[in-house]
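In: Here is a sequence with its predicted model. Questions after.
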Amino acid sequence: MQIVLIMESIIMNKTIFEPKCLLVTGAAGFIGSNFVHYWLSKYPDNKVISLDALTYAGNRANLSELETHHNFEFVHADILDTNKIELLLEQHSIDTIVHFAAESHVDRSIHGPDAFLKTNIEGSHSLLKAAKKVWLDKQIMKHRFHHVSTDEVYGTLAADAPAFTEKNQYLPNSPYAASKASSDHIVRSYHHTYGLNTTISNCSNNYGPYQFPEKLIPLIIANCLDGKPLPIYGDGKQIRDWLYVDDHNRGIDLIIRNGQIDNTYNIGGNNEWTNIDIVTLVCELMDQHHPEGAPHSQLITYVKDRLGHDRRYAINATKIMSELSYKPEETFETGIRKTIQWYLDNEQWWRKIMDGSYRDWIEKNYT
Ligand code: NAD
Ligand code: DAU
């Protein structure tokens, strides 16, 4: 009966689960903050508890426009603090956890893997323990734990290999990818062992507003504006599959509401680019927006390659497209133009990050 109902709701695209109060971890980071904006504009009646430890990557200013929203609340806390998470789950009758919090930068994981293992593995486990205690021990069966993961867990692809499906073997290559792979397994185990209602998404590279300017696309935009070198690792022929951040969030929304428990969904937009091609494209668009520095491609500088650099990622998103009617709304053309415009319009935002002064601003405004 249960299976028939689930099949019916998938075919009819009916909602299986209606969240009322969400705990979003990593809410002050790139995707997390976009997610909170997305969710509260689409579901203003849902309460969103936005939790973040405000590491170097977390910036409360990403959420400043929401501070006055009646259903927004910011909590400065670490996901490793299990007691605090339990308290929040009980206090607010949270029924949905959307778990973005992580150490997310591959280069940093190469220089210092410890923080990645601590946050991504132990931190995820801490959240699962709290969810188990509050939801399962008290038999609150209407709940969801959505874990946001990455395509990097699948390792690297040869040039002619088919894109990653959910059935690909896990072959993580960097400490970051390995820590995310571990957390995926622990999430899975909490469903199989204890019956927690979990779902996982594995998404490809995101781009869009509020991305920390040490990641490729915002770094290139900022350096074009400052006439600084545009560093290309190795030969620049590595391939990434780029998705606009709100198209990732639309996928997570569908999974939370209509996805099947204990399922993994790949999210991607079938948009593979070599690094050198994407940097060249951003340079061409910057030539139009900022003609003083043109041609910006003269700033391209080949540098030493990343250790263990994965050659190619590509996502096969057939499952989420066919089961949950997922379709990205942004084309790469519209998404990249929007993104460049956002960085041009919000120069202060990334300049403050680059010179570190955003920390003083946060202190002045929020402490
Ligand atoms: P990000 O680094 O911009 O944000 C991570 C946020 O988590 C930051 O605000 C940080 O302060 C917070 N955080 C870190 N440790 C914490 C802790 N112990 N407790 C509470 N908060 C903590 O990362 P992002 O790019 O927004 O990625 C978000 C999630 O999406 C990650 O889980 C990442 O693995 C996954 N993901 C990212 C991409 C991408 O292209 N950026 C693609 C697929 C999946
Ligand atoms: O695939 C999803 C992953 O995408 C997420 O899980 C990660 O959290 C996210 O950071 C991202 O990882 P990448 O390593 O792919 O992103 P990054 O922006 O650091 O680099 C993109 C590509 O560009 C990669 O092949 C390395 C290259 N690169 C990056 C930088 C910062 C350069 O050539 N030069 C650079 O200066």
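Out: Great, that's in hand. Ligands and ions are numbered 1, 2, ... in the order given.

In: how close does Trp39 get to Lys237?
Out: Relative to Lys237, Trp39 is positioned 37 Å away (criterion: CB to CB, to the nearest Å). (C-beta placed from N, C-alpha, C; glycine too.)

In: Which residues are in contact with the residue of the chain found nearest ligand 1?
Out: Here the chain gets closest to ligand 1 at one residue, Gly29, 2.0 Å apart by CB to the nearest ligand atom. Residues in contact with Gly29 (CB atoms under 8 Å, 6 or more residues apart in numbering) are 52, 57-59, 62, 100-101, 104, 212.

In: So for Trp39 and Lys237, which sits in the more crowded spot?
Out: Trp39 (24 against 13; other CB atoms under 10 Å).

In: check the contacts of Gly29 against ligand 2, which are close?
Out: Applying CB under 6 Å from any ligand atom to the contacts of Gly29, one finds that Ser104 fall near ligand 2.

In: So which residues of the stretch 1-150 of the chain form strands?
Out: 21-25, 47-52, 72-76, 96-99, 144-150 (DSSP state E, counting those that start in this stretch).

In: May I have the second one exported as PDB, CA atoms only?
Out: This means strand 47-52. Taking Å, rounded to 0.1, in the frame of the first residue of the first chain, the C-alpha atoms of strand 47-52 are listed here in PDB:
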ATOM      1  CA  LYS A  47      10.000  29.000   9.900                       C
ATOM      2  CA  VAL A  48      13.700  28.800   8.900                       C
ATOM      3  CA  ILE A  49      16.300  28.500  11.700                       C
ATOM      4  CA  SER A  50      19.500  29.400   9.900                       C
ATOM      5  CA  LEU A  51      22.500  28.000  11.800                       C
ATOM      6  CA  ASP A  52      26.200  28.700  11.000                       C
END
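
In: List the contacts of it.
Out: Contacts for strand 47-52 (CB under 8 Å, 6+ apart): 20-29, 32, 36, 39-40, 58, 60, 63, 66, 71-77, 79, 88, 92, 94, 101.

In: Those residues of the stretch 101-250 of the chain touching ligand 1, which are they?
Out: 101-104, 119, 123, 148, 150, 180, 203, 205-206, 212.

In: and the two most separated of those residues?
Out: Greatest spacing in those, by CB to CB: Gly123 and Asn205 (22.4 Å).

In: Counting neighbours, go ahead and name the busier of those two.
Out: Gly123 (27 against 22).

In: list the contacts for the more buried one?
Out: 78-80, 101-102.
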